[in-house]
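1. The following comprises the amino acid sequence and a computationally predicted model.
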Amino acid sequence: MANTAAPANTGAGPDPVVRLDGVSREYGKAADTFAAVSDLSLDVPRGSFTTLLGPSGCGKTTTLRMIAGFVRPTRGRILLEGADATATPPEKRNIGMVFQSYALFPHMTLRDNVAFGLRARRLPKAEVAQRVGEALELVGLAGLAARRPAELSGGQQQRVALARAVAIRPSVLLLDEPLSNLDARLRVQMRRELLRVQRETGVTTVLVTHDQDEALELSDHLVIMDGGRLVQQGAPRAVFPAPASRFVAEFLGYQNFLTVPGHGPVAVRPEHARLLTDGEPAGEDGVLLDAEVRAVTYQGSRCLVEVAVAGAGTDANGAAAPATLHCLHPGDDLRPGTRVRVALPHRHLVALADEAEAR
Ligand SMILES: Nc1ncnc2c1ncn2[C@@H]1O[C@H](COP(=O)(O)OP(=O)(O)OP(=O)(O)O)[C@@H](O)[C@H]1O
């Protein structure tokens, strides 16, 4: 059985670049206030790729904007490099930002776009030229320095935005859904690119996304938010196999929730629910449940099979009811009505403490 007590990784290092200390942001007036972010305490470790992951409206962007200084917390403190920056305006925080919309200056060449923040900091001409060259080189666009944004693809424009953000050598790089305007293939390519740039520069990075694959691939520190609150954090390899609640489990793609005799409420992923027909042996040690096939969806190399397991679920009144499980099955031999058994290996059952408490 997987251990639900995920390691208490608070992200606290000796020297975080960003520290949020009991930060809240409310909107509205008097009795009608609404908390976009509630009592959020979080450390962003130096040199880390930290990701804020959660569904739309959970407060990710508000958190990022508070770190950048565009939104002022209504409570709590923000520390940058150990100093209280809660009231520091954005231009006085040494922060690089990349937005979903690229936000490049359309009338300027790439060279001038990247040089903008360096000139604003009044760096000597030679240093500006050198840093612009290095930044464009880093993102593979050195040959296009004289072009304007309209002459580039979306992916190239986002690389320019990235070059502009890292050229100032920020203490933290903030990325607000930077890949969501790109098509699916380019998005995957650009993830690799982002990771390479982050590793090469070592810049502490905070990414906002609602895409769990992106978060798992990129982050070394994952922060999951729900309703303005932090609900779980840690390394992806620690969080993914041990979601602390049903919300986190659902968000990370656990589709099956059931009550197993001797285990209580558990979650299990479709790829770990094996269907056995006839006398097929279960193999690995686990729970075996009788089930009936309800629906089969053909997916080419496999089928997604929906089965009903009598008594393993609960209805709206908390009484025992059939549980519906989704299972990935390598063959196309099953049809609705077929009697099967479902094998759930002990090591892939994730106990859900919040569900147990709710009973
Ligand atoms: N200026 C504002 N005034 C009122 N409510 C706001 C304001 N900004 C954000 N909110 C609300 O706060 C909540 C959190 O918004 P936020 O943009 O931080 O969420 P998010 O997780 O980034 O969502 P998305 O992925 O959709 O951008 C939402 O319900 C939003 O409507």
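-> Perfect, thanks for sending it. Numbering: from 1, shown residues only.

2. can you give me the helices for this structure?
-> Listed in chain order, the helices found in the chain under DSSP state H are 60-68, 110-120, 125-138, 154-167, 184-201, 212-218, 236-239, 246-251, 353-357.

3. rank these by pLDDT, which is bottom?
-> Least confidently modelled of those is helix 353-357, at a mean of 66 by mean pLDDT.

4. Quick check on the residue lying farthest from the centre of the chain: phi, psi?
-> Using Cα atoms, centre = their mean, the residue of the chain lying farthest from its centre is residue 279. It sits 41.7 Å away. For residue 279, the backbone dihedrals (degrees, to the nearest 10) come out as phi -100, psi 10.

5. Give me the local confidence score for it.
-> Reported pLDDT at residue 279 in the predicted model: 75.

6. quick one on the thing from earlier: using JSON lines, lay out the helices of the chain together with mean neighbour count and distance to the ligand.
-> Just so you know, the C-beta spots here come from the backbone N, C-alpha and C atoms, and that holds for glycine as well. Written out in JSON lines, the entries for the helices of the chain read as follows (neighbours: other Cβ atoms under 10 Å; distance: least, Cβ to the nearest ligand atom, whole Å):
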{"stretch": "helix 60-68", "mean neighbour count": "23", "distance to the ligand": "3"}
{"stretch": "helix 110-120", "mean neighbour count": "20", "distance to the ligand": "24"}
{"stretch": "helix 125-138", "mean neighbour count": "17", "distance to the ligand": "27"}
{"stretch": "helix 154-167", "mean neighbour count": "23", "distance to the ligand": "18"}
{"stretch": "helix 184-201", "mean neighbour count": "15", "distance to the ligand": "16"}
{"stretch": "helix 212-218", "mean neighbour count": "19", "distance to the ligand": "13"}
{"stretch": "helix 236-239", "mean neighbour count": "17", "distance to the ligand": "18"}
{"stretch": "helix 246-251", "mean neighbour count": "20", "distance to the ligand": "12"}
{"stretch": "helix 353-357", "mean neighbour count": "14", "distance to the ligand": "21"}
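
7. Residue 329: which of those is closest?
-> helix 246-251 (21.7 Å; Cβ to Cβ).

8. Now find how far off-centre the closest one is within its chain.
-> Centroid separation between helix 246-251 and its chain, computed with Cα atoms, centre = their mean, to the nearest Å, is 13 Å.

9. Now do it: which elements does it pack against?
-> The elements that helix 246-251 packs onto, with contact taken as 3 or more Cβ pairs under 8 Å, 6 or more residues apart in numbering; DSSP states H and E, are strand 221-226, strand 229-234.
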